[in-house]
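A.B. asks: After the sequence you'll find the predicted model.
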4 protein chains.
Amino acid sequence: MSKSEATIKRLNRIEGQVRGIVRMLEENRYCIDVLHQMQAVKAALARAESEILKDHAATCVNDAIESGDTNEQQKKVEELVDLFDKLKR
Amino acid sequence: MSKSEATIKRLNRIEGQVRGIVRMLEENRYCIDVLHQMQAVKAALARAESEILKDHAATCVNDAIESGDTNEQQKKVEELVDLFDKLKR
Amino acid sequence: MSKSEATIKRLNRIEGQVRGIVRMLEENRYCIDVLHQMQAVKAALARAESEILKDHAATCVNDAIESGDTNEQQKKVEELVDLFDKLKR
Amino acid sequence: MSKSEATIKRLNRIEGQVRGIVRMLEENRYCIDVLHQMQAVKAALARAESEILKDHAATCVNDAIESGDTNEQQKKVEELVDLFDKLKR
């Protein structure tokens, strides 16, 4: 299983967790239980995020490094800084 | 549309967004675009969270206040503090 | 040592950590080391936050519960929900 | 004023804000007001963080790109990914 397949599986699970939360709301489950379940989704998303970023570094960013293309390398760095800025911290 | 229905609709949209991210990964879309999309999901989850919490305050917590039952009120407060502690901040 | 004194000590340490980061910048220390140090400050702030909130629940919120004053109780709940909304998540 | 001086000024202000919170606790100020002030500190830290990271990209990372040293470039990317992982999200 390639890295990307593992991430796809992880996001499929997250999709299932979100569907589970919809069901909890439809069944009028206790709000606090729903909110705890949402923390679990957020933690799972953070793990998927790390995985995708590591994959990005190992592939696209690494290709830019090996190409020796300075412009391409600077673009990759700008994208990472821009993403960092948008992160909810 | 009751508050809870609005939240269910919101979470249905989030489920669709997560499915969209799976598709982006399957189509080998650019990692940075995927990561930006994940920020959008996290922001949408935070909005749903606020909505659910406000609904909880207006219903369950308010019932505990109106009941005059001190034990029940303390339980509600403990749950909120406990949730706050688990929040990814 | 009362709870509040422990929190004051904790925040005094955080103040010292921030001063340490200023020194790192003045000494032109490596950016990545500075950024890791800032994560430590953020984690320490989150712990202080939890402590203050627990103290608030055990004192002010508990007083409102024991007073039996419904208006006061609703005000306390609104404040907590409002704070939750402003949390960087 | 160089970029780094602006960041130092910003962190000096943050240090002052933390000292202000200590004073609020000593004066037994209302917990909720203290907690709102802590959100302000966290937001200010996030801005300083972005500033330092941008400075890092414009200097150290840019030097690595211009050096053409592949090993050095890979080290810079690893550091950024590692930092991202440690970010409280």
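C.D. replies: Arrived safely.
A.B. asks: which is the next helix or strand following the lengthiest helix in chain A?
C.D. replies: Across chain A, the longest stretch assigned as helix under DSSP state H is helix A:31-56. Downstream of helix A:31-56, the next assigned helix or strand under DSSP states H and E is helix A:62-67.
A.B. asks: Quick one: residues contacting A:R13.
C.D. replies: The contact partners of A:R13, taken as Cβ atoms under 8 Å, 6 or more residues apart in numbering or on different chains, are A:A44. No exception for glycine: its C-beta is placed from N, CA and C like everyone else's.
A.B. asks: In terms of helices and strands, where is it?
C.D. replies: Element membership of A:R13 [criterion: DSSP H and E] is helix A:3-26.
A.B. asks: pLDDT on that helix, on average?
C.D. replies: Over the span of helix A:3-26, the pLDDT mean works out to 95.
A.B. asks: swap in stretch A:75-89?
C.D. replies: For stretch A:75-89, the mean per-residue pLDDT is 87.
A.B. asks: Pull the distance from it to the chain's centre.
C.D. replies: Between the centre of stretch A:75-89 and the centre of its host chain there is 14 Å, according to Cα atoms, centre = their mean, to the nearest Å.
A.B. asks: Only the buried residues of that stretch, if you could.
C.D. replies: A:76-77, A:79-81, A:83-84, A:87-89 (16 or more other Cβ atoms under 10 Å in any protein chain shown).
A.B. asks: can you check stretch A:24-31 too?
C.D. replies: Residues of stretch A:24-31 classed as buried by neighbour count (16+ other Cβ under 10 Å): A:24-25, A:31.
A.B. asks: Tell me the one among those residues nearest to A:K42.
C.D. replies: Taking Cβ to Cβ as the measure, A:K42 sits nearest to A:M24 out of the buried residues of stretch A:24-31, at 15.6 Å.
A.B. asks: how close does that closest one get to A:Y30?
C.D. replies: Using Cβ to Cβ, to the nearest Å, A:M24 is found at 9 Å from A:Y30.
A.B. asks: show me the contacts for A:E26.
C.D. replies: By Cβ under 8 Å, 6+ apart, the residues touching A:E26 are B:I8.
A.B. asks: follow-up on the earlier one: orientation of the helix holding A:R13 relative to helix B:3-26 in degrees?
C.D. replies: Helix A:3-26 and helix B:3-26 are oriented at 170 degrees to each other (axes from the mean of the first three to the mean of the last three Cα atoms, to 10 degrees).
A.B. asks: which bits of chain A sit near chain D?
C.D. replies: Residues of chain A found near chain D (Cβ under 8 Å from any Cβ of the partner chain) are A:46, A:49-50, A:53-54, A:57, A:61-62, A:65-66, A:68, A:70, A:73-74, A:77-78, A:80-81, A:84-85, A:87-89.
A.B. asks: With adjacent residues omitted, what lies nearest to the spatially most central residue of chain A?
C.D. replies: Here the mean C-alpha position of chain A is nearest to the C-alpha of A:E49 (Cα atoms, centre = their mean), at a distance of 2.4 Å. The shortest distance from A:E49 to any non-neighbouring residue, by Cβ to Cβ, 6 or more residues apart in numbering or on different chains, is to B:M38 (5.5 Å).
A.B. asks: Quick one: residues contacting the one you found.
C.D. replies: Applying Cβ under 8 Å, 6+ apart to B:M38 gives the contacts A:45, A:48-49, A:52, B:21.
A.B. asks: just the residues you listed now: which is nearest D:A6?
C.D. replies: A:E49 (29.7 Å).
A.B. asks: Against C:V34, how distant is the closest one?
C.D. replies: A:E49 is 23 Å from C:V34, where distance means Cβ to Cβ.
A.B. asks: And for A:L25?
C.D. replies: Distance, A:L25 to C:V34, using Cβ to Cβ: 43 Å.
A.B. asks: related to what we said a few turns ago, need the overlap of contacts for A:M24 and A:Y30.
C.D. replies: Taking Cβ under 8 Å, 6+ apart as the criterion, A:M24 and A:Y30 do not both touch any residue.
A.B. asks: Can you get me a residue count around the residue nearest to A:L25 when sequence neighbours are not counted?
C.D. replies: Leaving aside its sequence neighbours, A:L25 sits nearest to B:I8 (Cβ to Cβ, 6+ apart; 5.1 Å). Neighbour count of B:I8, defined by other Cβ atoms under 10 Å in any protein chain shown: 19.
A.B. asks: For B:I8, list the residues it contacts.
C.D. replies: B:I8 touches A:22, A:25-26, counting by Cβ under 8 Å, 6+ apart.
A.B. asks: got the buried residues of stretch A:75-89 as CSV, with secondary structure and distance to A:E15 columns?
C.D. replies: Output for these, formatted as CSV (DSSP: H, G, I helix; E, B strand; the rest coil; distance: Cβ to Cβ, whole Å):
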residue, secondary structure, distance to A:E15
A:K76, helix, 29
A:V77, helix, 32
A:E79, helix, 26
A:L80, helix, 27
A:V81, helix, 30
A:L83, helix, 22
A:F84, helix, 26
A:L87, coil, 22
A:K88, coil, 20
A:R89, coil, 25
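A.B. asks: Okay, the nearest residue to A:K54 once chain neighbours are set aside and A:Q39: tell me how far apart.
C.D. replies: In this structure, A:K54 finds its nearest non-sequential neighbour in D:V81, 5.9 Å apart by Cβ to Cβ, 6+ apart. From D:V81 across to A:Q39, the span is 24 Å (Cβ to Cβ).
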